[in-house]
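Visitor: return atomic coordinates for the entry below.
(2 chains)
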2 protein chains.
Amino acid sequence: MKFTARLMDIDKNGVLMHRSDARTVGVLEGDRVRLLNVVLGESATAIVDTTTTMLEKGCVGIFHRTNARLQLKDGTGVEVREAERLASLDLIRKKLDGARLSKDEVLAIVKDTVDDNLSSMEMATYIAASYIHGMDMDEVEHLTRAMVDTGERIQFVTHPIVDKHSIGGVPGNKITLIVVPVIAAAGLRIPKTSSRAITGAGGTADLMEVLAPVEFSAGEVKRMTEKVGGVIVWGGATNIAPADDKFIMVEYPFRIDARGQMLASVMAKKFAVGADVVVIDIPVGRNTKVIDVQEGRKLARQFMELGERLGIRVECALTYGESLVGHAIGPNLEVQEALQVLEGAGKPTSLLQKSMAIAGIALEMSGKAAQGQGYSVAEEILRSGKALEKLRQIIEIQGGNPRITSAEVTPGQHRFVVNAPLSGYVVDLNNRALITIARAAGAPHDRGAGIYIHAKKGSRVNQGEPIFTIYADRNWRLQNAVEVGRQLMPVLVEGMLLDRVPSTHWV
Amino acid sequence: MKFTARLMDIDKNGVLMHRSDARTVGVLEGDRVRLLNVVLGESATAIVDTTTTMLEKGCVGIFHRTNARLQLKDGTGVEVREAERLASLDLIRKKLDGARLSKDEVLAIVKDTVDDNLSSMEMATYIAASYIHGMDMDEVEHLTRAMVDTGERIQFVTHPIVDKHSIGGVPGNKITLIVVPVIAAAGLRIPKTSSRAITGAGGTADLMEVLAPVEFSAGEVKRMTEKVGGVIVWGGATNIAPADDKFIMVEYPFRIDARGQMLASVMAKKFAVGADVVVIDIPVGRNTKVIDVQEGRKLARQFMELGERLGIRVECALTYGESLVGHAIGPNLEVQEALQVLEGAGKPTSLLQKSMAIAGIALEMSGKAAQGQGYSVAEEILRSGKALEKLRQIIEIQGGNPRITSAEVTPGQHRFVVNAPLSGYVVDLNNRALITIARAAGAPHDRGAGIYIHAKKGSRVNQGEPIFTIYADRNWRLQNAVEVGRQLMPVLVEGMLLDRVPSTHWV
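Guide: Numbers count the residues shown, from 1 in each chain, chains lettered A, B, ... in the order given. Predicted structure coming up:
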C-alpha cells in the first residue's frame, strides 16, 4: 500500500503507523514491514510502532536509521507491505524451548542483532533463554565466532600478539595501565581494547581517557600497536565484536552475567585482534562474579577450552577479589595510583604484585621469560623505567600528553573524610557499597570523583583516624555521595557498624 | 541537573538525552531517570534513550506520555536525576534465576507493567523466564489476581453470571455468536469479552464488529448485560485485566503460549466480570494448542483448580480441533454462517453441534437444564427463534442494525476458486495454511476477505469440483492470497499434493 512518508527525528530503526493503517496493511505493533522508495528502488525492513494520535491516517512516520537506507524525502510516497517473518525469531523460539543452536543459527541471530533487525524485546528473549538454558561449549564457540565474523578484525603480520582481560567484579583494578606497558616494553604487541564502566566506577577505557583519547577504529589500533607495541583503547569504538555491546545493554537492567555469554564476549575480542596468547584475571571472592576457588577453576578450564578451539593459548590467574586493588576508586585517583607505581613508588603492594604477576604470566607464555621468571622479569622492566617510558609512548600515539606525571592527576576538590568512630581493626569493606558511593560522587563521568581507602580490610585504625575519603568535582555530587554513604555504611570496624555511631561523624 | 525540555511527538513513555548528558547525570541508555517540573511540582520516571545527533547537549527530549504527567512546555526547564532502581527488576531477576514469586512480588511486576514503568525489553525477560521456568498454581493464582486488581471489575447484583471461553487454535470457531444468545435467551447473564485476531483470521470481536460496535467500557458492559442478558464486546476497550494485552504483545513475536500465562489470562477476565460459572472450550488436535486428549485433560484440571481457588465453577469441553468449525474463515463469511444457523439452517453440523454442546454445559451448570438435558434445551432455544431474537437485541443495544439477515452479510467480490486436480478424498486440510491465506487475502481487517471450504477433510471430490474459494475485498489482496496459497498448498487430495499439479489450476 502507498503512504506518505513523514520523517521522524528519532535515531533508531523503526516506523510509526496509525493503528488502523497498520491493520489495513495486516500488521500489528511489533510486526515488521517492508518499505520501498519506489523512485530510488531502495528498500528496508522495520518494526512497526502504532499510534492513534500522533499521526494522521495515510502517513507513516519513518525513523532516522531506517530512512538512512530508504533516502525518502518528507512528504513523498512510500510503499509499505507486511514483511516476511524474520528467521531469527524462530531460532530464538527454539532456544526458548531449550534446543541447542547450530553454528549457522547462532550466526543468524548475531547478524540480525548487529544489523538492528531484532528489537530490544526480541534480543532480551534470546538473552534470557540463553541465560536460563545455558549454552554448551559448541554453542559458546559458535557465538564467539559469530561475534567475530559480524565485526572488524585485525590481522597483524608479526606474532605473537598478547592480550589480557580481567573478568571484573573487584573495584580499583587499574592493573591494565601497568601490565600493558610492561608487556609492550618487553618487545611484545598488545592491542588492548577495554570497556567503559557500566555498573562500576570506572572501566579501563574510562581510566585511560584521563591520559589520552581512547576512541579509535580497528585500523588505527593496528597501526598504533605496530608502532609502539601497545594501545589501551575503548573497544566500543573499534567495531570489534559489536554484537557484544548490544547484548550487554539487554543484560544490564537485570545485571545478568550469563557464563556462556561472558566467555564468548571476552574471547571474541581476543580472537578478533588476532591474539595468540591471553592471560585472564579471575578475581575470586564474595561480592565478585566468582565466589570461590572451585568456581574459579571451572571458569578457567572453560576459558582454556574455548581458547583451544579458537587456536589461542589461554592461562588464567585466580586473584584475590575480597578487597580492592590498591587504595583508589575513580578515574583520576586510580590513574594517579597506577602512575605512582610506574614512577617507582613501590606501593601499594596489592597493585604492584598483581600487575607483576599478570604481566609475568604473559611474558612466560610468550617466551620473554623463562618458566617461573616472569614476575621478576616484569619487575625489572618496571624498575628500569622502561614501562613508564612505554606508557608515555602509548599516551603520545593516542594523542595525550606524554609528559604527564602522577602529581598532575589530582582528585576532585570537594572532599569528605570518614573517620574511625572507635579504635580497632577494619573487619569488612563492602566493595559494592564503595562503588555505589563513588558513582554517587560522579564517577566515572566526573574524573575527579571517587574514593580513597586509607584503611583497607585488616588494617588497625585509631578512633578519629581517617578510614576513607570521598572526592567529587561538584559539591552537590559530594553531598549525594555522603548521603548514599550514610545509608550504605560500607565499612565495619571491629564488628561495630558505622550506622550505630552518632551522625555527627558524617557531617 | 537542569535541562531544557524539548517535547517530542512520540506516543510513549520515555526521554531522549544526549549521550554525554546522560553520562553526566550518571545514567546509560535503558536506565531510568526521575524528571521534575519544578514550576508545577509534577514528577515522572522514564527510561532513557540516548543520541549523539538528534539533540543538542543540555536539552532533553520528552515523549508524549511522560509529559502527560509532567505538563512541561517546550523550551522550559526540567530537572533530571538518576531514578531509584525499580524493585520489579530485582523480582524479574529472581524469576530468571528460577525462584517462585510471592503474591506481592507478582503484583509489583504486573502493576509496573500496567503503569508502563517496565520497558518491553524488561517485560520480555519476565515472560521468557516465566515461560521457561513455568509457574506453579500458587503463582498462577497470584498472577490472575494481580491482573484483576490492576484493571476494571464488574460487580453484578443478580447472579449467576455465566461466561465461556475458547482457548483457540482451530479456525472458523464462530460459536460465540450462537452460544451467547442461547445462554442469554435462557434468562442467564453472559457479559462476554472477546479478543481481536492476533495471528488468526478473525477473533470473536472482529466477527461481532461486522454486526455492531464492540468497544465499550466496563460500565457499559454491565449496563447492557443487565438490560438484554448478554453482550459480545472487545475486551481490549474495557480495561479489564489490561496487563494481559501488554504481555501478549511481548509473546507475539515468538508465538509463546506459556501455559501459566494462558490460565491467568483467561481466568482473570472471567473473575473480573464476576463470573460464577464458566465453560472452557479446549480444541484438541494437531496444529492446535493442545495436541492430544491427555494434554487436554491436564489443562482442564488446571483450569478447574484455578477456578476453585477463585470461587468460580469451571467445566471444560475437549472439542475436535483437527478441522475447522463450519466451512467459513474470515469475518463476513463466518458471521453469515453463524446467522444462517440462528435463522434455522440446520447446518453446518460441526458448527451447530459444537455450539449446542457448549451452550448446553452452561445451561446445566446454571440450573437451566437438568443434567444431560443441556444440549436439547439449547437446541430448543435455537429452534424457537429465541436465540436469533436475543442476538438481535444484543446487536441493537451495542448500536448495530438488529434487522440484519445472513443474506446481507456477503463475502468480498474478488474470488478465486481452487478446484480438485483429481478425484478422491480430501485427506488433509492444513489449518495454519488456511489462516495464512485468509490473512493474505486481507482478513480480519477486510471483512469480506476469507476462505470458504467446500470439501472438508474426509469429503469426496471429483476432478474439477471446487475444494475451496478465496474471497477478498481488493483485487491485489486476492492476488497475494493466491500467491501465498500456491506456496503453502493447504489441501491434500488422496495423498497427491496440489503442488505437483500443473500451475494452470491456480491461474
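
Visitor: how far away is residue A:340 from residue A:348?
Guide: Between residue A:340 and residue A:348 the distance is 9 Å, computed by C-beta to C-beta, to the nearest Å. Heads up, the C-betas are built off the backbone N, CA and C, glycines and all.

Visitor: now residue A:108
Guide: Counting by C-beta to C-beta, the gap from residue A:108 to residue A:348 is 49 Å.

Visitor: go on, residue A:174?
Guide: Between residue A:174 and residue A:348 the computed distance is 11 Å (C-beta to C-beta).

Visitor: so between these two, which is more surrounded?
Guide: Per other C-beta atoms under 10 Å in any protein chain shown, whichever of residue A:174 and residue A:348 has more neighbours is residue A:174, with 28 against 20.

Visitor: grab the nearest non-local neighbour of the residue in the stretch 401-507 of chain A positioned nearest to chain B.
Guide: For the stretch 401-507 of chain A, the residue positioned closest to chain B under C-beta to the nearest C-beta is residue A:445, at a distance of 4.5 Å. Setting aside the residues directly before and after it, residue A:445 is nearest to residue B:23 in space (C-beta to C-beta, 6 or more residues apart in numbering or on different chains), at 4.5 Å.

Visitor: that neighbour: which element?
Guide: Assessed by DSSP states H and E, residue B:23 sits inside helix B:19-25.

Visitor: who are the packing partners of that helix?
Guide: Contacts defined by 3 or more C-beta pairs under 8 Å, 6 or more residues apart in numbering or on different chains; DSSP states H and E place helix B:19-25 against strand B:42-51, strand B:77-82.

Visitor: which of those sits closest to residue B:288?
Guide: Nearest to residue B:288 among these is strand B:42-51 (38.0 Å), distances taken as C-beta to C-beta.

Visitor: report the angle between that closest one and strand B:77-82.
Guide: 70 degrees (axes from the mean of the first three to the mean of the last three C-alpha atoms, to 10 degrees).

Visitor: between the helix or strand following strand B:42-51 and strand B:77-82, how many degrees?
Guide: Helices and strands here follow DSSP H and E; after strand B:42-51, the next one along the chain is strand B:59-63. For strand B:59-63 and strand B:77-82, the angle between their directions (the same axes, to 10 degrees) works out to 90 degrees.

Visitor: close to chain B: what parts of the stretch 201-350 of chain A are there?
Guide: Near chain B, the residues belonging to the stretch 201-350 of chain A are A:249-250, A:252-256 when assessed by C-beta under 8 Å from any C-beta of the partner chain.

Visitor: show me the contacts for the residue of chain A found nearest chain B.
Guide: Across chain A, the shortest distance to chain B (C-beta to the nearest C-beta) belongs to residue A:128, at 3.7 Å. If you count contacts by C-beta atoms under 8 Å, 6 or more residues apart in numbering or on different chains, residue A:128 has them with A:256, B:96, B:124-125, B:128-129, B:132.

Visitor: mind running it again at 6 Å?
Guide: In this structure, residue A:128 makes contact with B:125, B:128-129, judged by C-beta atoms under 6 Å, 6 or more residues apart in numbering or on different chains.

Visitor: quick one, domains of chain A?
Guide: The record's domain split for chain A, according to automatic domain parsing, is A:2-82, A:87-134, A:162-240+A:263-406, A:414-506.

Visitor: any chance of those in JSON lines, plus mean pLDDT?
Guide: Converted to JSON lines, the domains of chain A look like this (pLDDT from 0 to 100):
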{"stretch": "domain A:2-82", "mean pLDDT": "89"}
{"stretch": "domain A:87-134", "mean pLDDT": "94"}
{"stretch": "domain A:162-240+A:263-406", "mean pLDDT": "94"}
{"stretch": "domain A:414-506", "mean pLDDT": "81"}
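
Visitor: just send these back as CSV, with distance to residue B:290 too.
Guide: Converted to CSV, these look like this (distance: least, C-beta to C-beta, whole Å):
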stretch, distance to residue B:290
domain A:2-82, 24
domain A:87-134, 17
domain A:162-240+A:263-406, 38
domain A:414-506, 47
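
Visitor: can you give me phi and psi for the nearest residue to residue A:134 once chain neighbours are set aside?
Guide: Once flanking residues are discounted, residue A:134 sits nearest to residue A:260: 6.3 Å by C-beta to C-beta, 6+ apart. Dihedral pair for residue A:260: phi -60, psi -40, per degrees, to the nearest 10.

Visitor: please apply the same query to residue A:56.
Guide: According to degrees, to the nearest 10, the main-chain angles of residue A:56 amount to phi -80, psi 160.

Visitor: I'd like the distance between it and residue B:275.
Guide: Counting by C-beta to C-beta, the gap from residue A:56 to residue B:275 is 41 Å.

Visitor: which stretches in the stretch 151-300 of chain A count as helices?
Guide: Shown for the stretch 151-300 of chain A, the helices assigned by DSSP state H, counting those that start in this stretch span residues A:176-185, A:204-211, A:218-228, A:242-251, A:259-272, A:293-310.

Visitor: turn those helices into JSON lines, columns for mean neighbour count.
Guide: Converted to JSON lines, the helices of the stretch 151-300 of chain A look like this (neighbours: other C-beta atoms under 10 Å in any protein chain shown):
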{"stretch": "helix A:176-185", "mean neighbour count": "28"}
{"stretch": "helix A:204-211", "mean neighbour count": "25"}
{"stretch": "helix A:218-228", "mean neighbour count": "18"}
{"stretch": "helix A:242-251", "mean neighbour count": "20"}
{"stretch": "helix A:259-272", "mean neighbour count": "24"}
{"stretch": "helix A:293-310", "mean neighbour count": "17"}
